[in-house]
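Asks: Sequence and predicted structure below; questions after.
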Amino acid sequence: MSDNSISHTLDRPAPDTSPDSASSTLPTENDPAAESAKPSRLISAYVENRNQGFSLVYDYPIDTFFSVVKAVGRRRRTDLVDMLVDDVIESAHRLAPCTHYQVAEALLQCIHPKSLRKHHLLSILRTLDSRGQLLWLPAKARCDLVEAYLPFPAQPDADSPLFDYFATLLLDLAKRGSRRDTVQEHPFGRDVWLLYRITYELTRHQRRRKALEIIHTLADKGMLSKQAMQETDLSSGDFTVIAVSTTVRSCLHFGWHGRAVTLMLHVLLSETNELSDALAQLALHVLGAVIEYIQPGDFVNVVSVAILLVRRGPVGCVTSVFLQELYAAAQRLDQGPLAEALYGQIRLPRVVARFAYDPPCNGPLRWLMEHLSLKSKNAHLARELVTQVVNRQTPILLQDRGEIIALAAEQGLARPARMLWEYYSAGKDRGVVVGHARAMVRLVSVFAGMIRRREVLLEDDSRAPLAALDSQEDTSDPLAAGTVSDDTLTSVAPDSAAQSAPETIPPRPPDPPLRIDPGAEQSPPDAHLSTEPPHPSGVPAQGHPPPSGAREDLHGSAPSSEHPTEADAPLADFRGFAERVLLAFEADRTLQTATHYELNALARACFLLRRTAHGFAVFRTMLARRFVPDLRDVNVALALLAAHDPAAAARALDRMAAGGLQPDAVTLGTLIHHAAVHGDTALVAALVQRGRALGVTRFSYKTVGTLLRAALAAGGEGAKRLERVEELVEELVRGGQVPSANMGRDCVVAALRADRPAVAFRFWRELVKDRVQWDDEVAVFTRRRIAGAVRRHVEGGALEEGRARGMLVELGAERGGGRRA
């Protein structure tokens with residue numbers, strides 16, 4: 001571009017090309033052309049003129065320089081920052097001191113720190129220092145500058161001299177007296193807090209003399225706590241620990257709780273080796289001092305410090321007692337994700353190998369279980385938690401026992417849920433467990449599902465409608481079959497009180513007899529249950545014989561196996577336990593004293609165990625006691641009908657709506673589930689449309705899971721099925737719900753069938769990876785399937801090799817990647 005074209009761009013007359021008139025090639029700040037010129041045109045003109053040998057700093061008016069600097073700053077043109085910095089440095093000896101300071105200050109104020117890199121900043125500060133202008137910077141500009149560059153990644157060749165300059169800038173402010181931070185209500189301004197930060201950085205870079213100068217200045221000005229200095233152990237000989245202890249304890253003394261934790265976290269993150277005992281004890285002191293006063297915004301740093309101590313501190317330096325305080329603080333501040341992160345870290349194999357921590361207890365136990373089960377849908381950690389509670393015999397609060405058992409059963413954790421029920425169903429307080437309606441119906445529901453799957457397994461050369469959704473798949477493929485291999489007896493639990501139909505999961509071999517495994521995790525000597533000893537066989541006989549029809553099925557006939565053979569002993573065990581739970585609930589109250597909710601739960605449990613006559617007797621009791629049937633009662637009866645004939649249930653739904661009782665998401669979800677189990681895809685589609693017409697936009701997790709499996713089983717192109725699956729997942733996310741790991745596996749299957757391994761990998765990473773046990777049988781098979789598809793696409797040229805290698809490393813299919821510690 002010539003001078004003429006530049007002038008045309010800026011709507012200026014063509015300038016003379018002599019050096020004396022060079023400034024005319026760029027507009028000045030007061031020129032109307034400068035007002036209308038776009039930043040990109042201004043930048044282009046600057047580059048063109050600079051290439052011709054003109055200096056922006058001394059060949060043009062200073063206003064023109066400011067205009068260009070602002071334009072570069074707005075556009076984040078990192079490639080031009082080098083030119084501007086060179087112009088400022090080279091022109092230093094040709095400009096008046098005030099003018100040179102103005103252009104340097106303009107660079108510092110207008111160029112974003114991400115564009116003005118550390119070596120740029122160091123060059124500018126050196127130039128200012130050489131001309132005696134370093135301390136001309138105003139106090140706010142100094143603090144902003146230091147605060148902006150402290151979080152930057154380390155740059156060895158620039159960090160040490162930069163921290164020296166930072167210390168000089170801030171010490172000057174401290175010597176003149178720091179202004180009180182009235183906004184934050186702190187005793188001193190930002191400069192003192194930043195000096196605390198700089199002190200540690202100087203000790204890291206072996207600048208002890210400068211660090212000592214800061215400490216002495218702060219102490220003389222009363223900006224370090226005398227008590228903090230007295231409490232600091234000087235005998236350790238570790239200058240870094242001494243400096244950190246003095247500044248961190250001063251933060252605590254001045255009430256800077258959040259800043260104390262922030263500084264401590266920065267120190268621990270900067271240490272590359274195992275943490276020393278002195279540093280770990282200091283960090284624990286800080287956490288103990290702030291945990292009562294910490295605010296929600298700073299709690300993430302508290303948890304981060306605790307995790308670093310657990311992973312890299314001396315073995316056992318963080319006690320289980322202190323972790324209990326952290327869980328209680330997380331509950332108080334409603335920080336469920338942080339409590340989940342903390343528990344997930346302490347359950348990592350390499351951490352457990354160092355020290356086995358107790359699970360949360362008292363109130364935080366139920367709170368965390370609810371978070372894992374209902375909010376984050378982290379099935380792996382939920383299983384870890386309830387299994388650890390069983391193995392370590394962690395006491396459960398009286399009022400929380402029934403709900404924790406219900407949550408465990410709802411997540412399909414049949415083994416630990418059964419063990420907890422059998423333990424707490426004995427003794428004087430047994431009523432809070434055996435009489436807990438939600439725990440009863442959840443336990444019966446999960447074991448009824450296991451009974452049905454066991455019955456399917458025992459059938460000869462046939463499968464029940466239970467497996468209709470998987471009929472097109474080879475069930476030898478555990479991923480396609482949808483099995484979940486964990487230490488539970490079932491992998492998918494019902495989500496809604498009215499949705500109790502058999503899950504569409506093929507059966508799996510039974511687990512060994514239930515017992516607490518003493519070798520799973522040794523409890524410390526003081527870990528015991530402060531309750532009555534467990535009954536050896538669950539609920540003792542109460543003198544209440546089973547009511548008539550206790551073993552009736554839908555047609556009133558009883559099962560033929562009164563004396564089970566060895567082959568169906570697990571079936572008899574499952575049925576026996578489910579009936580014990582139901583009978584214990586009935587024995588705890590009479591039909592005449594039970595609440596409406598309890599009668600509804602009892603009727604549903606009877607229907608689940610095929611005690612149809614008794615279930616209807618409960619309904620008759622409701623009517624006799626003048627309880628007005630509500631939608632929940634209708635849903636229970638409708639579920640019974642839908643399990644037998646979904647089309648008839650849909651017709652009943654029409655009659656119900658005609659009578660003025662509008663169905664809700666549970667009603668429609670129940671019918672959708674049973675229609676899918678029976679393979680009636682047309683009815684499924686009609687019910688979904690019916691729900692949208694009624695304004696039901698959010699179905700339960702079980703319903704969405706059913707729709708996902710139905711989409712997998714449907715015919716047609718794989719791409720269309722994948723599109724439908726993605727729509728369902730997006731619908732969940734838009735509704736603020738987190739898809740479960742099982743849903744994530746279904747999405748992976750859909751993507752693999754559509755031959756989209758990159759999409760399958762994305763589903764796995766976002767929905768499955770951190771929420772299942774890494775070495776679980778199905779988890780391993782899932783990763784292998786994805787890795788195999790990725791390799792095939794690389795060989796076929798459909799996937800870039802570098803991207804594929806990253807996927808394989810994360811999947812654990814390449815050396816050095818994947819497996820969590």
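Replies: It's in. Numbering: from 1, shown residues only.
Asks: Quick one: mean pLDDT for whichever strand or helix holds residue 163?
Replies: Per DSSP states H and E, residue 163 falls inside helix 156-176. For helix 156-176, mean pLDDT is 88.
Asks: Pass me the low-pLDDT residue ranges in the stretch 151-300 of the chain, would you?
Replies: Along the stretch 151-300 of the chain, segments meeting pLDDT under 70 span 178-187, 236.
Asks: Which residue ranges of it form helices?
Replies: 156-176, 190-204, 208-220, 226-231, 239-253, 257-270, 277-290, 296-312 (DSSP state H, counting those that start in this stretch).
Asks: Identify each buried residue in the first one, please.
Replies: The one in question is helix 156-176. Neighbour-count burial for helix 156-176 flags 158-160, 162-174 (criterion: 16 or more other Cβ atoms under 10 Å). The way it works is simple: take the backbone N, C-alpha and C, and place the C-beta from them, glycine included.
Asks: next one: the fifth one
Replies: Neighbour-count burial for helix 239-253 flags 240-253 (criterion: 16+ other Cβ under 10 Å).
Asks: can you give me the offset of it from its chain's centre?
Replies: Chain-centre distance of helix 239-253: 33 Å, with Cα atoms, centre = their mean, to the nearest Å.
Asks: Does anything pack onto it? Which helices or strands?
Replies: Helix 239-253 sits against helix 190-204, helix 208-220, helix 226-231, helix 257-270, helix 277-290, with contacts defined as 3 or more Cβ pairs under 8 Å, 6 or more residues apart in numbering; DSSP states H and E.
Asks: Helix 190-204 and the second one, what's the angle between them?
Replies: The directions of helix 208-220 and helix 190-204 differ by 150 degrees, with axes from the mean of the first three to the mean of the last three Cα atoms, to 10 degrees as the criterion.
Asks: Pull out the buried residues from helix 208-220.
Replies: Going by 16+ other Cβ under 10 Å, helix 208-220 has these buried residues: 210, 211, 213, 214, 215, 217, 218, 219.
Asks: ok, now the last one?
Replies: Neighbour counts over helix 277-290 (16+ other Cβ under 10 Å) mark 278, 279, 280, 281, 282, 283, 284, 285, 286, 287, 289, 290 as buried.
Asks: Could you measure from the fifth one over to residue 228?
Replies: I take that to be residue 282. Distance of residue 282 to residue 228, computed by Cβ to Cβ, to the nearest Å: 11 Å.
Asks: what sits in contact with each of the two?
Replies: Residues touching both residue 282 and residue 228 (Cβ atoms under 8 Å, 6 or more residues apart in numbering): 245, 248.
Asks: how about the buried residues of helix 277-290, which pair is most distant?
Replies: Farthest pair in the buried residues of helix 277-290 (Cβ to Cβ) is 278 and 290. Separation: 19.1 Å.
Asks: center of this structure, which residue is that?
Replies: residue 337 (5.5 Å; Cα atoms, centre = their mean).
Asks: element containing that one?
Replies: With DSSP H and E as criterion, residue 337 is part of helix 336-346.
Asks: Average pLDDT for the helix or strand following that helix, rounded please.
Replies: Proceeding N to C from helix 336-346, the next assigned helix or strand is helix 349-354, under DSSP H and E. Averaging pLDDT along helix 349-354 gives 90.
Asks: CA atoms only: put helix 349-354 into PDB for me.
Replies: Output of helix 349-354 as PDB, limited to C-alpha atoms (Å, rounded to 0.1, in the frame of the first residue of the first chain):
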ATOM      1  CA  PRO A 349      -7.200 -45.900  44.800                       C
ATOM      2  CA  ARG A 350      -3.900 -44.200  45.300                       C
ATOM      3  CA  VAL A 351      -5.300 -42.100  48.200                       C
ATOM      4  CA  VAL A 352      -7.100 -45.100  49.700                       C
ATOM      5  CA  ALA A 353      -3.700 -46.900  49.600                       C
ATOM      6  CA  ARG A 354      -2.200 -44.200  51.700                       C
END
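Asks: Can you list the buried residues in it?
Replies: Within helix 349-354, the residues scored as buried using 16+ other Cβ under 10 Å are 351, 354.
Asks: Show residues contacting the helix or strand just after it.
Replies: Using DSSP H and E, the helix or strand that follows helix 349-354 towards the C-terminus is helix 363-370. Helix 363-370 is touched from outside by 324, 327-328, 330-331, 336, 339-340, 343, 359-360, 382, 385-386, 389, 394, 396-397, 400, 403-404, 407-408, with contacts defined as Cβ under 8 Å, 6+ apart.
Asks: Much appreciated, bye for now.
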